[in-house]
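Asks: Next come a sequence and a model predicted from it.
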Amino acid sequence: MAKIALNFEDGVTRFIETVGYETIAEAAYRVGVNIPIDCADGACGTCKCIATSGSYDPGDYIDEALTDQEAEEGFGLACQMRPESDMVVGILASSAACKVEAATYETEITELSFLSSEIVKLRTKIKDGSSITFLPGQYANILVPGSTQTRSYSFSCLSDTNEMEFIIRLMPNAGLMSDYLRTATLGETLTITGPVGGFYSREIKRETLFFAGGTGIAPFIAMLEKLNKDANPQPIKLFYGATTVENIVELERLKTYTNLSVQTYPCVSSEASEPYANGYVTQWITKQELALEAYDIYVCGPNAMVDAVKASLEEKQIHYENFYTEKFIPTGMATA
Ligand SMILES: Cc1cc2nc3c(=O)[nH]c(=O)nc-3n(C[C@H](O)[C@H](O)[C@H](O)COP(=O)(O)OP(=O)(O)OC[C@H]3O[C@@H](n4cnc5c(N)ncnc54)[C@H](O)[C@@H]3O)c2cc1C
Ligand code: FES
């Protein structure tokens with residue numbers, strides 16, 4: 001039996017399990033996930049998808065359905081692919097087209113603690129005792145109580161859990177969710193939908209760089225928790241920037257990942273930065289600091305920080321194999 005994360009084009013993820021030596025399409029249809037399919041015979045290419053991690057038997061097909069180059073790039077045919085390990089598979093269709101909806105959970109707040117004067121750790125427990133599965137790095141949408149609006153927050157905990165955790169910066173002035181959380185109390189209900197998002201840790205095969213800005217540290221904590229659990233041997237450099245010293249949070253927690261080789265570089269942009277380095281995470285993007293031939297790179301945080309890291313990597317000609325980003329874009333800004 002293999003666990004397969006199906007990632008749809010709109011960012012929704014649905015987990016399914018294969019039974020015996022089933023194809024991905026067989027496993028999906030058995031649980032009502034109608035991924036695109038036509039011939040079911042490896043001839044038309046309708047069920048083309050992309051495997052981003054895991055191993056599988058590609059099955060039989062003709063070149064018109066899948067070329068050798070596509071196969072080399074990780075594409076496969078869901079009607080033919082038989083997973084040989086847990087996998088993450090990108091489906092080239094929206095979740096709605098496949099009759100899939102992200103799951104919604106009624107939860108109750110079990111912890112709301114201040115990590116600094118403006119950052120809170122929120123923990124919520126699923127009321128019906130079920131658990132949620134997500135890829136480390138993904139996020140959920142939380143309905144702001146008393147409104148019809150949701151806000152997105154990255155999980156900062158291990159998957160397959162009954163109790164989700166988030167690390168949230170409260171907007172210094174007004175903010176819908178921020179204002180709610182300032183006065184929320186334990187036991188209150190939060191409606192949470194997810195998991196969502198294409199920012200998650202792939203198979204770590206080489207030295208990897210994590211760039212976190214502010215509460216952009218949250219998805220990296222989820223990734224590190226999982227990598228630590230799996231005792232991943234690849235070295236990781238975590239460049240972590242915040243505006244003030246008190247907003248560098250969870251450093252003690254990062255030190256507990258003893259099964260991993262992770263080096264943390266905290267820095268603070270305001271002048272009073274002691275005991276941390278002064279400046280932005282981009283200060284470590286130099287040929288001396290990053291001397292390997294290629295890295296896998298993950299960047300998460302405010303819009304400007306993600307763009308600055310990308311520009312700096314290009315300017316300094318730091319080579320990478322894979323590059324993944326998540327921008328904490330305020331609600332409405334993308335459409336505005
Ligand atoms: C995929 C994704 C994942 C996210 N994960 C996290 C997370 O793990 N932790 C976290 O703290 N936040 C995260 N965010 C941001 C979060 O969703 C909210 O935008 C943020 O918490 C503000 O919500 P609010 O309701 O308090 O403020 P809103 O009512 O949305 O906004 C109030 C005012 O603040 C401004 N504003 C909002 N956000 C910012 C910002 N980042 N910088 C400057 N001005 C801003 C708005 O433009 C508006 O004027 C994520 C966003 C996305 C898109
Ligand atoms: S459905 Fe035709 S190749 Fe899979």
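Replies: Yes, it's here. All figures in this text were calculated on a predicted structure; none of them were measured in a lab. Ligands and ions are numbered 1, 2, ... in the order given.
Asks: can you pull the contacts of the nearest residue to Leu176 once chain neighbours are set aside?
Replies: In space, and not counting its chain neighbours, Leu176 is closest to Val144: 5.0 Å by Cβ to Cβ, 6 or more residues apart in numbering. Just so you know, the C-beta spots here come from the backbone N, C-alpha and C atoms, and that holds for glycine as well. By Cβ atoms under 8 Å, 6 or more residues apart in numbering, the contact list for Val144 reads 150-151, 176-177, 180.
Asks: If I look at Val144, what pLDDT would I see?
Replies: pLDDT recorded at Val144 is 97.
Asks: buried set for stretch 92-108?
Replies: For stretch 92-108, a neighbour-count test (16 or more other Cβ atoms under 10 Å) marks 92-93, 95, 98, 100, 102-103, 105, 107 as buried.
Asks: quick one, phi psi at Pro83?
Replies: In terms of degrees, to the nearest 10, the main-chain angles of Pro83 are phi -60, psi 140.
Asks: now the residue of the stretch 101-250 of the chain found nearest ligand 1: how far from Ala304?
Replies: Of all residues in the stretch 101-250 of the chain, the one sitting closest to ligand 1 is Gly175 (2.5 Å; Cβ to the nearest ligand atom). With the distance defined as Cβ to Cβ, to the nearest Å, Gly175 ends up 18 Å from Ala304.
Asks: ok, the two, which is more surrounded?
Replies: Neighbour count, other Cβ atoms under 10 Å: between Gly175 and Ala304, Gly175 has more, with 17 against 11.
Asks: The more buried one: what's it in contact with?
Replies: So Gly175 contacts nothing (Cβ under 8 Å, 6+ apart).
Asks: hmm, 10 Å instead?
Replies: Listed by Cβ atoms under 10 Å, 6 or more residues apart in numbering, the contact partners of Gly175 are 144, 151, 169, 181-182, 330-331.
Asks: what separates it from Leu181, distance-wise?
Replies: 9 Å.
Asks: who touches both of the two?
Replies: Common neighbours of Gly175 and Leu181 (Cβ under 10 Å, 6+ apart) are 144, 151.
Asks: Can I get stretch 145-154 in CSV, CA atoms only?
Replies: In CSV, the C-alpha atoms belonging to stretch 145-154 read as follows (Å, rounded to 0.1, in the frame of the first residue of the first chain):
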residue,chain,number,x,y,z
PRO,A,145,-15.1,33.8,13.2
GLY,A,146,-18.0,36.3,12.7
SER,A,147,-17.1,36.9,9.1
THR,A,148,-17.3,35.2,5.7
GLN,A,149,-13.6,35.7,5.0
THR,A,150,-10.7,33.3,5.3
ARG,A,151,-7.0,33.8,5.9
SER,A,152,-4.2,31.4,4.9
TYR,A,153,-1.7,30.0,7.3
SER,A,154,1.1,27.5,6.9
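Asks: Buried ones in that stretch, by neighbour count?
Replies: Neighbour counts using 16+ other Cβ under 10 Å place 150-154 of stretch 145-154 among the buried residues.
Asks: From the residues you listed, which land in strands?
Replies: Judged by DSSP state E, the subset of the buried residues of stretch 145-154 located in strands is 150-154.
Asks: okay, now the domains of this structure?
Replies: What automatic domain parsing lists as the domains of the chain is 3-91, 103-196, 208-327.
Asks: End to end on the shortest one, go ahead and measure it.
Replies: Across domain 3-91, the terminal residues are separated by 15 Å (Cα to Cα, to the nearest Å).
Asks: do that domain and ligand 2 meet at all?
Replies: Yes. Applying Cβ under 6 Å from any ligand atom, one finds domain 3-91 touching ligand 2 at 37-47, 65, 77, 79.
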